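Visitor: Predicted structure and sequence below. I'll ask about it afterward.
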Amino acid sequence: MDRAFPLEMCRNIGIIAHIDAGKTTTTERILFYTGKTYRIGSVDEGTTVTDWMAQERERGITIVSASVTAEWKGYQINIIDTPGHIDFTAEVQRSLRVLDGGIVVFDAVQGVEPQSETVWRQADRYHVPRICFINKMDRVGASFENSVASIVDRLGAFPIPMQLPIGSEAEFTGVIDLIEMKAIYWEDVEGRDPKVRDIPADMFEAAQFAREQLIEKAAEVDDELIEKYLEGATISIEELKASLRRSVLDSKATLIFCGSSLKNKGVQPVLDAVIDYLPSPLDIPPVIVTSLNTDEQIELHPDDNGPLAALVFKVVSDPYMGRLAYFRVYSGKMNVGETVINPLKGKKERIGRLIRMYADRREDVQSIPSGDIGAILGLKFSFTGETLCNNGTPIILESITFPEPVIFIAIEPKTTADQDKMSEALRRLSEEDPTFRVSTDDMSGQTIISGMGELHLDVLVDRMMREFNVKANIGRPRVSYRETIQNAVRGYSYKYVKQSGGHGQYGHVVFDIEPLNRGGGIVFEIAIVGGSVPKEYHRAIENGVREAAESGILAGYPVTDVKVTLVDGSFHEVDSSEMAFKLAGLFGFKEAFQKGRPILLEPIMKVEVVMPEDYLGDVLGQLNSRRSEIQGMEARPGNSQAVHAMVPLAEMFGYATELRSGTQGRGVFSMEFDHYAPVSETVARRLLNL
C-alpha cells in the first residue's frame, strides 16, 4: 500500500492540559472542521467522539487517551486527546513518548493550573515542541495577558503571542492575526466560515506594537533572524514564519493562540499553526535504538525501506475483540500478514489485523508506514513500552518509565463464582495500565490493588464490574502489624502430656526467650547440654515455635524480633514423638511469650513530600496530624521544598487526596517501608478494642 501522505505532510500531535481546560471540546471542533464529524459533540451531553467510555461520559472527564486521524489542507494529522486528571498521568506520559508535537490548552480565567505544570514538565522530558491555545476567552474573568504572564512565571517558558483577542468575556468576537495583520471574526454559530477583515481602528496601534514585540522575540531566539532585525531590514512573512518554526522545533519558544472552543471561535488558526510550526516526523531527531547483536546504539531515520522499529505505547483489553495494541512506527513499515519479533522476550508475533483508530471506531488498513501511528489486533506477548522489529535486525527502542502507585485498597470477590472472573479481569486491566498493580498481602491474604489515586482505582473497579461482570467488595487493606516482647523470660518450662489409652503423648521443653533488635525476625537456637531432648525432636520443636509465631497472642499478628533458645527438657521412651514435641514447642512458646510483656509493632514508612515553598506550612501540619516524625527539609530547584518524614503506614491512607487538596494539586509524595516500631498506648488500645 502506497503512502497516502508524504512524511513532511504528516503531524503526530497531542492535546494536553489541566482537567477541564477544554481539551476534548477543542478536539471535537478539530474533527468537525476537518470534516471527520458532521455534528459537534458535547462533553456535558456525553456525545463527544474521543470520550467514548461509559465512565468518561458519566463523569464528563477524559480517562484514557484516544487516537483520531484527520486531514487539514492536504496534511494528515494524528491527534491524541489525553486526560487532564493527575490520576491518569500515565496516559499523558505514554502519549508524549510517541508524539512529535503538542497543543497545550489553558483556561483563560485560571491560566497555568497545577496539572498544566505536570504535563509541561512531561513534555520537556520527552523534548516535545508545543504551541499554546488559551481557551475559554468568552468566560467571565478571562484574561489573555494574565494567562501569558502565568506561562512565564510558572512554567519558565518563552511565550510569543501570535494573536490578540478582539474583546473578552461575552464580548469576545475574534482575534487579530499578528503575522498577516488581519482581524478574523467567527460570526456563524458553528464557526465554519471565519471572516477576514481589516483590524479595527481602535486596536490598530496595539496590534502594531504587539507585532513589533513578536518580531523582537523571534529574533531573540533565532540566529538567522537576529542579523536582519539588528540591521533594520524588512522581514517578510515567510522569513518570520520560518524563524518561528525553527524556534518551536528547537523548543526555544512557545507560540500563543487564543479562542473559545465551546463558542466555535479560534480553532482553525490553531490547525493552521499545527501545519506551519509543529514538526513532521522528518523534523524530529533520529530515534536511538540499541542493537541486540552488537550492543551498539544506532540512529534510525523515518524511512519506509529501513529496518522495522515500532514501539507499543498502549494496550487496551477489548472484552469482545481481545487485546488491541497502539504503536508508533519510527522506521520501516508494518504490514498485514508479516511476522515480527519482540526482541526483549524473543517471541514472534504475527500481524493479523492493522487498524487506523478513530477513538473507539476502527478502519482496517494493509500497512502502517514509518512516522505513523496505528493499532494491531491480537498481539499475544507484547505490552506497553516494548519494541517490535524484523527478525533479522533485533533492536530495542527506549522504553517508557511510569510513576509508582501511591494508593492501595483491598478487593475481594463477593462469591466463589466471581473469584476466577476477578483474577482474569485484574490481570487484563493491569496489562493495559502500567500504573495499576495487583498483589497479595502474605499476612492478611487480601488481594491488594494499587494505583495513582482514588479516582483511578474507582474507575478501574467500575470497569471491572461493568466490562467483566465481576461482583466484588472493596475496602481498606489491613495494616500488617507485628507483635514482640519487651522483657526476656528465662527457663520457662512447658510439658505437653496426653494419655488416651495405649501410647500417650509426652514432650517437655524449657525455653529462654528474649527480644531482638528491630528487623531481627525469629531466631531459634539449641543450647542443650547432654541428651535431655534427643536430636530427632529438635526440628519438630523449632517447627512448633515458628508456627506459633505466625499469629501472636495479643491480636493474632505475626511475631517478630524474638530469639528462642531451647535450654532443657525431657522425653519419654514410649510416649514421646515428633508431634508431641511440636505441640510442646507451640504451646510453650505462646505461654512464655505472654510472660514477656508483649507489645504491638507497626510498619513505619519513609516518606518524601515535594511541594512549592508556599505550601510548606500546610504540608507540615498535615504530616504532624498523622503522627509523623519530621527528619529534615531541603530546598529543591524551582522554589520547591522537600520534606523527609517517618510516618506510620496506618496514617498514610487518604494522604494522596489530602496533599493534592492542600497544595492545589502541586504536591507529590513517595513512600517506602523503613522499619517496625512500637505503637503508642492509645493506638494499641484502639487496635485491641480495650
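Guide: Cool, the structure landed.

Visitor: drop to CA atoms for contacts and neighbour counts, all remaining ones
Guide: OK.

Visitor: If you rank every helix and strand of the chain by mean pLDDT, what lands last?
Guide: helix 54-59 (a mean of 43; mean pLDDT, DSSP states H and E).

Visitor: Is R121 in a helix, a strand, or coil?
Guide: Under the three-state scheme (DSSP: H, G, I helix; E, B strand; the rest coil), R121 adopts helix.

Visitor: Quick check: it vs K582, distance?
Guide: Per Cα to Cα, to the nearest Å, R121 is found 60 Å from K582.

Visitor: Looking at those two, which has the bigger crowd around it?
Guide: More crowded of R121 and K582, by other Cα atoms under 10 Å: K582, with 25 against 13.

Visitor: Could you report the distance from that one to G588?
Guide: 10 Å.

Visitor: List the contacts of E224.
Guide: Taking Cα atoms under 8 Å, 6 or more residues apart in numbering as the criterion, E224 is in contact with S243.

Visitor: What distance do you get for it to A677?
Guide: From E224 to A677 the distance is 65 Å (Cα to Cα).

Visitor: residue contacts, D372?
Guide: D372 touches 10, 12, 78, 328-330, counting by Cα under 8 Å, 6+ apart.

Visitor: By neighbour count, which of those wins?
Guide: Y330 (28 neighbours).

Visitor: Show the model's pLDDT score for it.
Guide: Looking at Y330, its pLDDT stands at 91.

Visitor: ok, residues contacting stretch 632-645?
Guide: Contacts of stretch 632-645 (Cα under 8 Å, 6+ apart): 606-613, 616, 628-631.

Visitor: so where do the strands sit in the stretch 301-450 of the chain?
Guide: Ranges of strands in the stretch 301-450 of the chain, per DSSP state E, counting those that start in this stretch, are 309-318, 322-331, 334-335, 339-342, 347-350, 353-358, 361-365, 367-368, 373-377, 387-389, 395-397, 407-413, 437-440, 447-451.

Visitor: so what does the first one touch, helix or strand wise?
Guide: It stands for strand 309-318. helix 89-98, strand 322-331, strand 387-389, strand 395-397, helix 417-432 (3 or more Cα pairs under 8 Å, 6 or more residues apart in numbering; DSSP states H and E).

Visitor: roughly how far apart are N689 and L649?
Guide: 20 Å.

Visitor: Who has more neighbours out of the two?
Guide: The neighbour comparison of N689 against L649 (other Cα under 10 Å) goes to L649, with 20 against 8.

Visitor: Surely that one is in contact with K606?
Guide: No - here L649 does not reach K606: they are 9.4 Å apart, not a contact under Cα atoms under 8 Å.

Visitor: and the longest strand along the chain, what does it pack onto?
Guide: Scanning the chain for the strand with the most residues, using DSSP state E, yields strand 598-612. Helices and strands touching strand 598-612, by 3+ Cα pairs under 8 Å, 6+ apart, are strand 482-485, strand 640-648, strand 668-678.

Visitor: so what's the backbone phi/psi at the residue nearest to H508 when sequence neighbours are not counted?
Guide: Nearest residue to H508, sequence neighbours excluded (Cα to Cα, 6 or more residues apart in numbering): K495, at 4.3 Å. Phi and psi for K495, reported as degrees, to the nearest 10, are phi -110, psi 130.

Visitor: Quick one: neighbours of K495, just the number.
Guide: 20.

Visitor: before we move on, what about V574?
Guide: 10.

Visitor: Name the helix or strand for it, please.
Guide: Using DSSP states H and E, V574 falls within no helix or strand.

Visitor: That one contacts G507, correct?
Guide: No - using Cα under 8 Å, V574 is not in contact with G507, being 11.1 Å away.

Visitor: need the longest helix for this structure.
Guide: For the chain, the helix with the greatest residue count under DSSP state H is helix 201-220.

Visitor: Of the helices and strands packed on strand 309-318, flag the one that's most buried.
Guide: Greatest average neighbour count among those goes to strand 387-389 (a mean of 28), per mean count of other Cα atoms under 10 Å.

Visitor: Let me see the mean pLDDT of that strand.
Guide: For strand 387-389, the per-residue pLDDT averages 90.

Visitor: Quick check: which helices or strands does that strand pack against?
Guide: Checked by 3+ Cα pairs under 8 Å, 6+ apart, strand 387-389 has strand 309-318, strand 339-342, strand 395-397 packed alongside it.

Visitor: How far away from the center of its chain is that strand?
Guide: 23 Å (Cα atoms, centre = their mean, to the nearest Å).

Visitor: Please apply the same query to stretch 623-635.
Guide: Distance, centroid of stretch 623-635 to centroid of chain: 26 Å (Cα atoms, centre = their mean).

Visitor: Just the endpoints, please. Distance across that stretch?
Guide: Termini of stretch 623-635 sit 18 Å apart (Cα to Cα).

Visitor: and if you look at stretch 296-304?
Guide: 22 Å.

Visitor: List the buried residues in that stretch.
Guide: 300-304 (16 or more other Cα atoms under 10 Å).

Visitor: if we take the residues you listed, which one ends up nearest to S532?
Guide: L300 (76.2 Å; Cα to Cα).

Visitor: Pretty sure that closest one sits against T290.
Guide: No - judged on Cα under 8 Å, L300 makes no contact with T290 at a distance of 10.3 Å.

Visitor: that older thread, could I get the helices and strands packed on strand 309-318 as JSON lines with distance to L344?
Guide: Formatted as JSON lines, the helices and strands packed on strand 309-318 follow (distance: least, Cα to Cα, whole Å):
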{"stretch": "helix 89-98", "distance to L344": "19"}
{"stretch": "strand 322-331", "distance to L344": "16"}
{"stretch": "strand 387-389", "distance to L344": "8"}
{"stretch": "strand 395-397", "distance to L344": "8"}
{"stretch": "helix 417-432", "distance to L344": "17"}
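
Visitor: coming back round to it: let me know which of the strands of the stretch 301-450 of the chain is tucked in deepest.
Guide: strand 387-389 (a mean of 28).

Visitor: any low-confidence regions in the stretch 451-600 of the chain?
Guide: Along the stretch 451-600 of the chain, segments meeting pLDDT under 70 span 453-454, 476-478, 500-502.

Visitor: Okay, strands next: where are they in it?
Guide: Going by DSSP E, counting those that start in this stretch, the stretch 451-600 of the chain shows strands at 472-475, 482-485, 489-498, 505-515, 522-526, 562-570, 598-612.

Visitor: Dump those into JSON lines; add distance to G392 as well.
Guide: Shown next, in JSON lines, are these (distance: least, Cα to Cα, whole Å):
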{"stretch": "strand 472-475", "distance to G392": "47"}
{"stretch": "strand 482-485", "distance to G392": "55"}
{"stretch": "strand 489-498", "distance to G392": "69"}
{"stretch": "strand 505-515", "distance to G392": "61"}
{"stretch": "strand 522-526", "distance to G392": "54"}
{"stretch": "strand 562-570", "distance to G392": "58"}
{"stretch": "strand 598-612", "distance to G392": "46"}
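
Visitor: Can you tell me which of those is packed in deepest?
Guide: The most buried one of those (mean count of other Cα under 10 Å) is strand 482-485, showing a mean of 26.

Visitor: now for it, which elements pack on it?
Guide: strand 505-515, strand 598-612.

Visitor: The shortest one pairs with which strands?
Guide: Within its sheet, strand 505-515 is paired with strand 489-498 (antiparallel), strand 562-570 (antiparallel), according to DSSP bridges.

Visitor: Any chance of those in TSV with distance to F144 as columns?
Guide: Formatted as TSV, the strands paired with strand 505-515 follow (distance: least, Cα to Cα, whole Å):
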stretch	distance to F144
strand 489-498	75
strand 562-570	67
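
Visitor: Out of these, flag the one nearest L324.
Guide: strand 562-570 (52.2 Å).

Visitor: what does that closest one rub up against?
Guide: Counting by Cα under 8 Å, 6+ apart, 484-485, 491, 493, 507-516, 520-529, 532-533 sit against strand 562-570.

Visitor: one more time with 7 Å
Guide: Under the criterion Cα atoms under 7 Å, 6 or more residues apart in numbering, residues 484, 507-516, 521-528, 532-533 lie in contact with strand 562-570.
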